[in-house]
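In: need a 3D model of the sequence below.
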Amino acid sequence: MSGVGGRKRGKNAKYVHVCPGLALHSAPSDVLRGPAGIKEAPLCSQECSGQCSCPSTPPQCPPGVSLVLDGCGCCRVCAKQMGELCTEKDVCDPHKGLYCDFGAPNNRRIGVCTARDGATCVFGGTVYRSGETFQSSCKYQCTCLDGAIGCVPLCSMDIRLPSPDCPNPRRVKVPGKCCEEWECVFPPVFTAYRKEETYGPDPFMMRENCLVQTTEWSACSKTCGLGVSTRVTNDNRECRLEKQTRLCMVRPCESQLEQSIRKGKKCIRTPRVSKPMKFEISGCTTTKSYRPKFCGVCLDGRCCTPHRTTTLPMEFKCPDGEVMKKHMMFIKSCACHYNCPGENDIFESMYYKKMMGDMA
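Out: Okay, the predicted model is just below:
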């Protein structure tokens, strides 16, 4: 039987009062077990305090985006989609099996919309479940991790340096075998030769029984305003593939960059803000001020996207004194090109040129 104020009683469990919409859209791990068998869901945050104030007409959501009740059980809103930022109030799309992943247990303010069972991956025309391992070829073993694919080599990556017994080692293809093998090539008699340099994996990227593999950062999920970027890496103690996220801002949404294009020019490629600014996320503000570079705009139909970036740690201070630590993309340079995504294009990230020089 349902009680007043969101209380429900059953034979073996009790529920304390929670934000009405939150329990519908949170991950199963968000429900905690308290003393005496009481199941406790996260309590309402300050975002849900006060009376409801909703617009007279519900918003018009883009195609494929669900119209849902916000996490406070107040107003109908357009649900956040995969990879977008979310809060206890700004819920993720439940009809697509998404939930708000807050990451660290002590962080309940801002998260990223993630698939409940993990997003699938498509490779070579085959669909793989999140967590499923497969071989892309006889040389690589890959793992699907929440929509991203990370691969590690199956063939030996050892390095063989020149020696008197083997002055010119090289890898050769052996019939019937997948992996190449080392072969010693001896120069003709009385012929001068020089030792060839041999190349292999960066020794700084090698660990005991682990070859560190890190994918490039994906394109920012937003073309303007604050978004997220992801990558897959096994650069950790367990050498296990994990998905990492960082905040990103290609350009502010309210900027009018067209007015900054010089006379006779068609683009402004990488403008820098004139005054130091602070970034804000869910009411929390960075403790330091920054003068970041953003990607500009063109007048001839080209779009400008990040080309070289770096990743830096940032601290956000909230009104209640809590401090959040996040990583954020900072732009070094942008490239302007005609490979521009269309509006609401679900393959938007495929159009962006790869970002170079950022392995931080």
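In: so what's the most centrally placed residue in the chain bridging to?
Out: The chain has Thr230 as the residue nearest its centroid, 1.9 Å off, counting by C-alpha atoms, centre = their mean. Thr230 has these beta-bridge partners by DSSP bridges: Thr245.
In: give the contact list for it.
Out: Going by C-beta atoms under 8 Å, 6 or more residues apart in numbering, Thr230 touches 83, 148, 217-218, 243-246. Glycine gets a C-beta too; all of them are placed from N, C-alpha and C.
In: among those, which two are most distant?
Out: Ala148 and Arg246 (13.9 Å; C-beta to C-beta).
In: tell me which of these two has more neighbours.
Out: The neighbour comparison of Ala148 against Arg246 (other C-beta atoms under 10 Å) goes to Arg246, with 24 against 18.
In: the residue lying closest to the more buried one once chain neighbours are set aside: what secondary structure?
Out: The shortest distance from Arg246 to any non-neighbouring residue, by C-beta to C-beta, 6 or more residues apart in numbering, is to His327 (4.3 Å). At His327 the chain is in strand, as set by DSSP: H, G, I helix; E, B strand; the rest coil.
In: mind listing what His327 touches?
Out: By C-beta under 8 Å, 6+ apart, the neighbours of His327 are 244-247, 311-314.
In: quick check: bridge partners of it?
Out: Bridge pairing for His327 - DSSP bridges - gives Pro313.
In: okay, it: pLDDT?
Out: His327 is assigned a predicted lDDT (pLDDT) of 92.
In: same check, this time on the one 4 residues further on
Out: The predicted local confidence for Ile331 comes out at a pLDDT of 93.
In: that one reaches Cys295, doesn't it?
Out: Yes: under the criterion of C-beta atoms under 8 Å, Ile331 makes contact with Cys295 at 6.4 Å.
In: show me where the stretch 1-150 of the chain has its helices.
Out: In the stretch 1-150 of the chain, the segments counted as helices under DSSP state H, counting those that start in this stretch are 22-25.
In: would you list every one of the strands in it?
Out: Counting by DSSP state E, counting those that start in this stretch, the stretch 1-150 of the chain has strands at residues 8-9, 14-15, 32-33, 39-40, 67-69, 76-78, 85-86, 98-101, 111-115, 121-123, 126-128, 133-137, 140-145, 148-153.
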